[in-house]
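Visitor: got a sequence here, can you model it:
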Amino acid sequence: METDTNTGRLADRLADLGARVDLDRPIGELTTLRTGGPADLLVACDSTEVLVEVLRGLDAAGVPVLLLGGGSNVVVSDAGFRGAVVRIVSSGLRIDGDTVVADAGVVWDDAVRRSVEAGVGALECLSGIPGAVGATPVQNVGAYGVEVAELIRRVHLFDRESGSSRWAAPEELGFAYRTSVLKGRSRLVVLAVEFGGRADGLSAPLRYRELAAAMGAEAGERRPAAAVRDRVLALRRGKGMVLDPEDRDTYSVGSFFTNPIIAAADAPAAIERAARVSGADAVPQYPAADGAVKLSAAWLIERAGFHKGYPAAGGRARLSTKHTLALTNADAAATADILALAAEVRDGVAERFGITLEPEPVLVGVELPPVG
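Guide: This is a model prediction of the structure:
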């Protein structure tokens, strides 16, 4: 953005397209972590049509763009973003039989709630996850034994290079654990997502032990989706994983690190070291693709000496007092405070267990320093 005059003119043009435009607004106001400096332009798009036209206009003007939905999985530099932060707040949602079609800007938990209320099951295990629908295929959002990759029938994408849009099938999106071909790239923009549920009002088969036990069910059983949703929300609240403006333990990006996946050939040695170093009788482990093994990042963090609420005495950033996978904005933290704590935790786990944890959120204008 070259001058205030040029910025103002561009803001006027975007407003003419139907967008709502603010200048120099702090991005942290719009993220669940509540950190991040100002954007030159903050552009809110209330419909898919406005979003497409705004992106075309910004790309034609050569303005850098940061796409923002619910702001739940992003860590933005304290310096902010020199360019336009485009907020996707489109709100269309349609439920027909077992099909749920939602605009990218729909609040994710609203989509889950409304599907359950309409008698559609299968999305209920993903209740309470913050953010917008458009982020779910990007991140391959998952919880309690379910990933959206299992539920998505197709994704409506806008290609910023060609200027065209189309529906893409799941097999085109390269879904893997907490990622897809859309993550970390801005060329393809999610406009809407179509999910397939169960029209009988029952949940997906309960696979996650903690949830099944809380429901008094056996693994694989199905229960009323509304009851499962209520239980998932209760479990998440107990871990500080449901946004609450009155609880700073929820000022986070959710899980900051992904659970590490250890290749089949390396898993026995990694598990043996984890058990030996920690003194534990058993190391939590779960099967992954191609014979790999998924370990619990929270378990590794705790046994590397980082307890809930770490550091106990002071510090603007801390681990949640309810769940060690969440790094929270405890007291007007800056992004730099969050990243310093993240690096300390990552390095502590690497030193003790020889396993390097990877961050789950998208880092904008910042990065974690090398391990060490």
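
Visitor: buried residues in the host helix or strand of residue 156?
Guide: Assigned by DSSP states H and E, residue 156 falls within strand 152-159. Within strand 152-159, the residues that count as buried by 16 or more other C-beta atoms under 10 Å are 152, 153, 154, 155, 156, 157, 158. For glycine as for every other residue, the C-beta is placed from the backbone atoms N, C-alpha and C.

Visitor: make JSON lines out of those and add pLDDT and distance to residue 72.
Guide: What follows is these, written out as JSON lines (pLDDT from 0 to 100; distance: C-beta to C-beta, whole Å):
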{"residue": "152", "pLDDT": "98", "distance to residue 72": "19"}
{"residue": "153", "pLDDT": "98", "distance to residue 72": "23"}
{"residue": "154", "pLDDT": "98", "distance to residue 72": "23"}
{"residue": "155", "pLDDT": "98", "distance to residue 72": "19"}
{"residue": "156", "pLDDT": "98", "distance to residue 72": "21"}
{"residue": "157", "pLDDT": "98", "distance to residue 72": "21"}
{"residue": "158", "pLDDT": "98", "distance to residue 72": "21"}
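
Visitor: quick check: of the residues you listed, which lies closest to residue 318?
Guide: Nearest to residue 318 among the buried residues of strand 152-159 is residue 152, at 35.2 Å by C-beta to C-beta.

Visitor: what about the closest one, distance to residue 51?
Guide: 20 Å (C-beta to C-beta, to the nearest Å).

Visitor: returning to what we had before: and the strand holding residue 156, what does it pack onto?
Guide: helix 48-60, helix 135-139, strand 165-168, strand 188-196 (3 or more C-beta pairs under 8 Å, 6 or more residues apart in numbering; DSSP states H and E).

Visitor: returning to what we had before: how about the buried residues of strand 152-159, which pair is most distant?
Guide: 153 and 158 (18.3 Å).

Visitor: which SSE is residue 229 in?
Guide: With DSSP H and E as the criterion, residue 229 is inside helix 225-238.

Visitor: buried sites along that helix?
Guide: By 16+ other C-beta under 10 Å, the buried positions in helix 225-238 come out as 225, 226, 228, 229, 231, 232, 233, 235, 236.

Visitor: what of stretch 203-219?
Guide: Under the neighbour-count criterion of 16+ other C-beta under 10 Å, stretch 203-219 has 203, 204, 206, 208, 211, 212, 214, 215, 217 buried.

Visitor: was I right to think the fourth one contacts residue 126?
Guide: No - Residue 208 lies out of contact with residue 126 (C-beta atoms under 8 Å); the separation is 11.6 Å.

Visitor: what do the two both touch?
Guide: Common contacts of residue 208 and residue 126 (C-beta atoms under 8 Å, 6 or more residues apart in numbering): residue 144.

Visitor: pLDDT (mean, whole number) over the following helix or strand past the helix holding residue 229?
Guide: Sequence-wise, the next helix or strand downstream of helix 225-238 (DSSP H and E) is strand 261-262. Strand 261-262 comes out with an average pLDDT of 98.

Visitor: and strand 261-262, which strands flank it?
Guide: strand 293-295 (antiparallel) (DSSP bridges).

Visitor: for the strand it pairs with, which outside residues touch it?
Guide: For strand 293-295, contacts defined as C-beta under 8 Å, 6+ apart pick out 177, 259-262, 264, 267, 270-271, 274, 283-288, 355.

Visitor: are any of these buried, and which?
Guide: Using 16+ other C-beta under 10 Å, the buried ones in these are 259, 260, 261, 262, 267, 270, 271, 274, 283, 285, 288, 355.
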